[in-house]
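Novice: I would like the atomic coordinates for the input below:
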Amino acid sequence: MNVEMQCCGLILDLLLIYFFLRHETVGLYSERLFRMSLVVNTVCIVLDILSVFAIIMTDILPAFVVALVGKLYLVSLVAASFMGFLYTSSGVQHLRDSETFNKIIKIIFGIGALFVLLLPISFFRDGRVVYSYGLSAVATYIFAPFFIIWALVLTFSHGKYMSKSRRNAIRAWMSLEILAATLQFIFPKLLLVGFGSSIGLFILYCELESPEAFLDRTTGIFSFDTMVMYLRQLFSSNRKFTAIMICTEDEWKMDNEQESRILLEMSEFLHSFPGAKLFRSTGHDFMMIYATEDEAKDQIESVINLDVIKARFQQAFDGTMVIDARFLYIPDPRIATDFDEYFEICRYYKDNMERNEISRVLDEAAGQNIREQREIKAEIVKALEENRIEVHFQPIYSFREQMFVSAEALARIVNSEGKLIMPGLFIPVAEEYGLIDQIGERVFEITCRTFRNDRLQEKGIHYLEVNLSVAQCEDRHLSDIYHGIMKREQIDPTSINLEITESSTLHYRNILLENMNLLSQMGCSFSLDDFGTGESNLNYIVDMPVQIVKFDRSMVQDYFRSDRAKIVMRATVDMIKAIGLKIVAEGVETKEQLDAMEELGVDYIQGYYFSKPLQEKDFLRFIETHNRVA
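Specialist: Sure, this is the predicted structure:
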């Protein structure tokens, strides 16, 4: 029989099926459609061989059996091309999710299959040369190329939704099917269609669908990119799932070999839990996703497994290293509206877990918090675009001069409804989304302009204090930017005092020191803000060129509540004064507190006893009134 090419194609398909099934699969649309395409093509080749056998056995087999086998083969050809089109369109989400589109293509396939089955078929046999012809075959040569050509067209018309490798692999697959079908149409004795499709599927396997392409090379589990595709698919299909995120430090202080051994040991342990798909997330993090049909079972198993996982991470890996790990448990994906928001929520809470917090359950409130942050972010962006950043000034009183000699410039944002958004809301969001630099520069510009335009120096104000965020402190261009602003606003740098806050999140202390030294050389002075709330107070005072130390409100309040706090604060004041620095006490609210701070030796007072932060015109009126009296 003339079935050599079909046998080659069948062997190739069976090898692909073997290699495809020997690995764990994620369950992506493309995986399922590729598997179905492989099965349909294998059935097509088997039916091709059977149809050749039936034609040769025409004298023995009943005519209706020969016709039925021949028509089933032709239907399988249409089905194989239809699967190719389905695979192609699955890469375009809005087509894949469109019920109308899917109904139309299924109806077209149904009509094609019906025509092939109902129309008459004839067979030709001359020695080894056998093939079918007639209206049934004509219908096949209409509908099968229709799906193949449509798939090719999609790779051009919707190519922007597909990766380059996906476009090229599908084009090669469809082109081979067209070439094989054309050659078989011209030379009927060359039965190439099944083999051509097998070669196309082989290319698709190598380029896109090899299970190893979805794996992380180090651990052998599913990769981060695969996790993204899988989660997007779960959200697009509204599937319920439960997830556990195992979070560790981004950098491990060990050599590469030990790091690889520990990652492998972790992944093998986490992979041992049935019912969960394991992914390597960013860095050294892992994510376990439970997405079976039984939602209740997923939640029960994940809770039980989480306790076991926590216990294991308290023990050493590689026999020596206990890895500091934290855990996020997400029992319901409905905390987010889509994958991007879901991943943003996970990342945010991973980065913002409390120091002693081992695990956290992310519920609807967690998602709502992120959505509120997004709204505030949008307000910040609009406020920057529409110049709705305001600066309020809180006066600072000098005991020695008995007048107000300074003020702290504080950022405020006016929302689209004309209401103020307070710093406690927008500052953390601005830091999270990288907008704090723009706010800081805008506040600095307004402050410089206010000092010059309102002629504050003539009214007794020696300088204005402006806060620097951690992000600004780590910007190598900070000194150049601020020097440019001061030059543009024509203000003397001695009129500016920059406040820095001690922070454990400061990674590039050398850049901060470089900026401080350059700005100090220009004439700016520096204050250490929020003294008493951080971890490295003394180091900041000793190492950094600050002229003023600002006692945090909590430190001032503790002075009146605790005898121990009094002793510590007195000693601290003596030490700071001995170094030659000035002190500002923040949060002073009563006359008793004011007198106590003066007796203690504090130089300046800032707090509600004198004034809350004021808008520019109110601040100007306040200074003119009080300093005139002084």
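Novice: Could you count how many residues lie near N515?
Specialist: Look at N515: counted by other Cβ atoms under 10 Å, it has 24 neighbours. (Glycine included, C-beta is placed from N, CA and C.)
Novice: check contacts around it.
Specialist: Each residue near N515 by Cβ atoms under 8 Å, 6 or more residues apart in numbering is listed here: 473, 475-476, 478-479.
Novice: Inside helices: which ones of the residues you listed?
Specialist: Using DSSP state H, the subset of the contacts of N515 located in helices is 473, 478-479.
Novice: Out of those, flag the one nearest to I335.
Specialist: The closest of the ones in helices among the contacts of N515 to I335 turns out to be C473 (Cβ to Cβ; 34.2 Å).
Novice: looking at the chain, which helix or strand is least sure?
Specialist: When the helices and strands of the chain are scored by mean pLDDT, DSSP states H and E, helix 537-543 comes last with a mean of 69.
Novice: Shouldn't V549 be within a strand?
Specialist: Yes. Counting by DSSP: H, G, I helix; E, B strand; the rest coil, V549 is part of a strand.
Novice: Tell me how far it lies from G607.
Specialist: The gap separating V549 from G607 is 16 Å, by Cβ to Cβ, to the nearest Å.
Novice: repeat for V414
Specialist: Distance check for V414 against G607: by Cβ to Cβ, it reads 25 Å.
Novice: more neighbours, those two?
Specialist: A side-by-side neighbour count of V414 and G607, using other Cβ under 10 Å, places G607 first with 23 against 16.
Novice: Over to the closest residue to the more buried one other than its chain neighbours: give its phi and psi.
Specialist: Spatially, and ignoring its direct neighbours in sequence, G607 is nearest to V588 (3.5 Å; Cβ to Cβ, 6 or more residues apart in numbering). Here is the backbone geometry of V588 (degrees, to the nearest 10): phi -80, psi 130.
Novice: Show the contacting residues for V588.
Specialist: Counted by Cβ under 8 Å, 6+ apart, V588 has contacts 556, 594, 597, 605-610.
Novice: tell me the least confident of those residues?
Specialist: Minimum pLDDT for the contacts of V588 is recorded at V556 (91).
Novice: Assess the claim that it and I583 are in contact.
Specialist: No. The pair V556 and I583 fails to qualify as a contact (Cβ atoms under 8 Å) at a distance of 10.7 Å.
Novice: of all the contacts of V588, which comes closest to I439?
Specialist: Q606 (21.3 Å).
Novice: Spit out the contact partners of that closest one.
Specialist: 394-397, 408, 550, 584-588.
Novice: With distance to R371 added, can I get those in JSON lines?
Specialist: JSON lines is the format used below for the contacts of Q606 (distance: Cβ to Cβ, whole Å):
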{"residue": "Q394", "distance to R371": "32"}
{"residue": "P395", "distance to R371": "38"}
{"residue": "I396", "distance to R371": "38"}
{"residue": "Y397", "distance to R371": "42"}
{"residue": "E408", "distance to R371": "32"}
{"residue": "K550", "distance to R371": "35"}
{"residue": "V584", "distance to R371": "38"}
{"residue": "A585", "distance to R371": "39"}
{"residue": "E586", "distance to R371": "33"}
{"residue": "G587", "distance to R371": "33"}
{"residue": "V588", "distance to R371": "38"}
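Novice: Mind checking which of the residues you listed land in strands?
Specialist: Secondary structure from DSSP state E places 394-397, 408, 550, 584-586 of the contacts of Q606 in strands.
Novice: What is the nearest of those to T494?
Specialist: Taking the ones in strands among the contacts of Q606 together and measuring to T494 by Cβ to Cβ, the closest member is I396, at 16.2 Å.
Novice: I'd like the distance between the closest one and V405.
Specialist: Applying Cβ to Cβ to I396 and V405 gives a distance of 7 Å.
Novice: Find residues that contact each of those two.
Specialist: Joint contacts of I396 and V405 (Cβ under 8 Å, 6+ apart) are Y604.
Novice: between those two, which one's more packed in?
Specialist: I396 (28 against 20).
Novice: show me the contacts for the residue lying closest to the more buried one once chain neighbours are set aside.
Specialist: Distances taken as Cβ to Cβ, 6+ apart place S406 nearest to I396, at 4.1 Å, with adjacent residues excluded. By Cβ under 8 Å, 6+ apart, the contact set of S406 is 395-396, 398, 461-465, 497, 604.
Novice: Pick the one among those closest to R374.
Specialist: E465 (31.5 Å).
Novice: Please, which helix or strand holds that closest one?
Specialist: Following DSSP states H and E, one finds E465 within strand 463-467.
Novice: So for that strand, mean pLDDT?
Specialist: For strand 463-467, mean pLDDT rounds to 95.
Novice: Show me what it is packed up against.
Specialist: Applying 3 or more Cβ pairs under 8 Å, 6 or more residues apart in numbering; DSSP states H and E, we find strand 463-467 packed against strand 403-414, helix 436-453, strand 496-501, strand 525-531.
Novice: how big is the angle separating it from strand 496-501?
Specialist: With axes from the mean of the first three to the mean of the last three Cα atoms, to 10 degrees defining the directions, strand 463-467 sits at 30 degrees from strand 496-501.
Novice: when you give positions from now on, start the count at 12
Specialist: Done: numbering now begins at 12, and the last item shifts to strand 474-478.
Novice: what residues does strand 474-478 touch?
Specialist: By Cβ under 8 Å, 6+ apart, the list of residues contacting strand 474-478 reads 404, 407, 416-422, 451, 454-455, 458, 461-462, 467, 505-510, 512, 536, 538, 540.
Novice: are any of the residues you listed buried, and which?
Specialist: Neighbour-count burial (16 or more other Cβ atoms under 10 Å) applied to these gives 404, 407, 416-422, 451, 454-455, 458, 461-462, 467, 506-510, 512, 536, 538, 540.
Novice: just the CA coordinates of the host helix or strand of D309, formatted as CSV?
Specialist: Taking DSSP H and E as the definition, D309 sits inside helix 306-324. What follows is helix 306-324, C-alpha atoms only, in CSV (Å, rounded to 0.1, in the frame of the first residue of the first chain):
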residue,chain,number,x,y,z
GLU,A,306,-13.1,24.9,45.6
ALA,A,307,-13.7,23.7,49.2
LYS,A,308,-11.2,20.9,48.9
ASP,A,309,-8.6,23.4,47.5
GLN,A,310,-9.0,25.7,50.5
ILE,A,311,-8.8,22.9,53.1
GLU,A,312,-5.7,21.3,51.5
SER,A,313,-4.0,24.7,51.1
VAL,A,314,-4.6,25.6,54.8
ILE,A,315,-3.2,22.2,56.0
ASN,A,316,-0.3,22.4,53.6
LEU,A,317,0.6,25.9,54.7
ASP,A,318,1.1,24.8,58.3
VAL,A,319,3.4,22.0,57.1
ILE,A,320,5.4,24.4,54.9
LYS,A,321,5.8,26.9,57.7
ALA,A,322,7.2,24.1,60.0
ARG,A,323,9.6,22.9,57.3
PHE,A,324,11.0,26.4,56.7
